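Trainee: Following is a predicted model, sequence given first.
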Amino acid sequence: MQLKLFYAIGLASLLILLNSCYYDKFNEIHPLDGYKNPCDSTADSTYTHSIRYIMSYNCTSCHNSSTASGNITLDSYEAVVEQTKNGNLMGCVQHENGYTAMPLGAKIPDCQIEKLQQWVNANYPK
Ligand code: HEC
């Protein structure tokens, strides 16, 4: 009986601990103000609410003004619109033939690709 209680308390505190670690780390990695989960389906697919977070989460470490891999920056609205309008960005994140798969060696989650597609369809809302 006492052992069971011990396990229950142990499990509960482990869960709480894991949960808080997850959020701590999340904010540490994404120090942007008001960071939102890019896959939050309640967030609008606007640059301000979604797209810039998807970029900073996956892309801007290599595509910023001091490190512009492939001569491409993705840390401003104008730059992301430009790379999306010319078809490169969606081709790269969807790993289409003829495009360099991005981010290098990985694929972003489908829900983020969907957010990007919604943004394109809505004509790049700020
Ligand atoms: C680890 C570094 C790194 C990350 C992260 C990264 N890129 Fe790149 N990206 C590169 C490099 C290097 C090139 C140049 C590749 C080349 O010229 O073959 C490039 C090229 C590109 C190009 C031009 C493609 C082409 O065919 O020339 C686009 C568009 C692009 N990246 C978009 C993105 C997007 C969108 C993300 C995030 C989803 C991303 N990148 C994440 C390193 C990165």
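Mentor: It's in.
Trainee: how far away is the residue nearest to residue 119 when sequence neighbours are not counted from the ligand?
Mentor: Nearest-residue entry for residue 119: residue 45, 4.5 Å, with adjacent residues in sequence omitted and distances by Cβ to Cβ, 6 or more residues apart in numbering. (Glycine included, C-beta is placed from N, CA and C.) As judged by Cβ to the nearest ligand atom, to the nearest Å, residue 45 and the ligand stand 15 Å apart.
Trainee: now do residue 78
Mentor: 15 Å.
Trainee: For my notes, confirm that residue occurs in a helix.
Mentor: Yes: under DSSP: H, G, I helix; E, B strand; the rest coil, residue 78 falls within a helix.
Trainee: And the pLDDT for it?
Mentor: Looking at residue 78, its pLDDT is 98.
Trainee: Distance check, it against residue 118.
Mentor: According to Cβ to Cβ, to the nearest Å, residue 78 stands 20 Å off from residue 118.
Trainee: got it, and residue 39?
Mentor: In terms of Cβ to Cβ, residue 39 sits 12 Å off from residue 118.
Trainee: So for stretch 53-72, mean pLDDT?
Mentor: 95.
Trainee: start to end distance for that stretch?
Mentor: 17 Å (Cα to Cα, to the nearest Å).
Trainee: What distance do you get for residue 93 to residue 43?
Mentor: 18 Å.
Trainee: what helix or strand is the most centrally placed residue in the chain on?
Mentor: What sits nearest the mean C-alpha location of the chain, by Cα atoms, centre = their mean, is residue 54, with 3.1 Å. Secondary structure from DSSP states H and E places residue 54 in helix 52-58.
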